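# only geometry, no sequence info:
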């Protein structure tokens, strides 16, 4: 099971860092991705990183503002979100799949966290 944390309320232009950790297994050989779902909208991919890192993929809407990274020692994957915008408001989910290949396709991910709410508002 994956656990996402770090969400909260932030003002536009601010920053948040989300964390994704695994319980019950090590995801050293898993690719990890972040997805988000805003109220009334479909889930969309945000960023993904391979098991070896640091190669990553980003949605166009977050390129240059968000950075995905993984810390092998702690077994965590992070999503650093800078220059936040109101349109970044959503529930953010981390997901994992046992593959070296990076994917932004949610259907290919087997393990999902419970989600953490990010609200960007003044």
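Ah, there it is. Everything quoted here is computed from the prediction, not taken from an experiment. Numbers count the residues shown, from 1 in each chain.
# Count the neighbours of residue 109 for me.
24 (other Cβ atoms under 10 Å). C-beta coordinates here come from the backbone N, C-alpha and C atoms, glycine included.
# Double-check it against residue 95; I have them as touching.
Yes. Because the distance of 3.8 Å satisfies Cβ atoms under 8 Å, residue 109 is recorded as touching residue 95.
# quick one: residue 104 and residue 14, what's the gap?
Going from residue 104 to residue 14 by Cβ to Cβ, to the nearest Å gives 25 Å.
# and the two? which has more neighbours close in?
Set side by side, residue 104 and residue 14 show unequal neighbour counts under other Cβ under 10 Å, the larger going to residue 104 at 17 against 14.
# Tell me who's in contact with the residue positioned nearest the centre of the chain.
Central residue of the chain (Cα atoms, centre = their mean): residue 34, 2.6 Å from the mean position. With Cβ atoms under 8 Å, 6 or more residues apart in numbering as the criterion, the residues that contact residue 34 are 18, 20, 45, 46, 47, 48, 68, 79, 92, 93, 94, 95.
# okay, it: pLDDT?
Confidence at residue 34, expressed as pLDDT, is 98.
# before we move on, what about residue 22?
pLDDT, the model's per-residue confidence, is 85 for residue 22.
# The closest residue to it other than its chain neighbours and residue 121: what is the separation?
Closest residue in space to residue 22, ignoring its immediate chain neighbours: residue 2 at 5.7 Å, by Cβ to Cβ, 6 or more residues apart in numbering. Residue 2 sits 27 Å away from residue 121, going by Cβ to Cβ.
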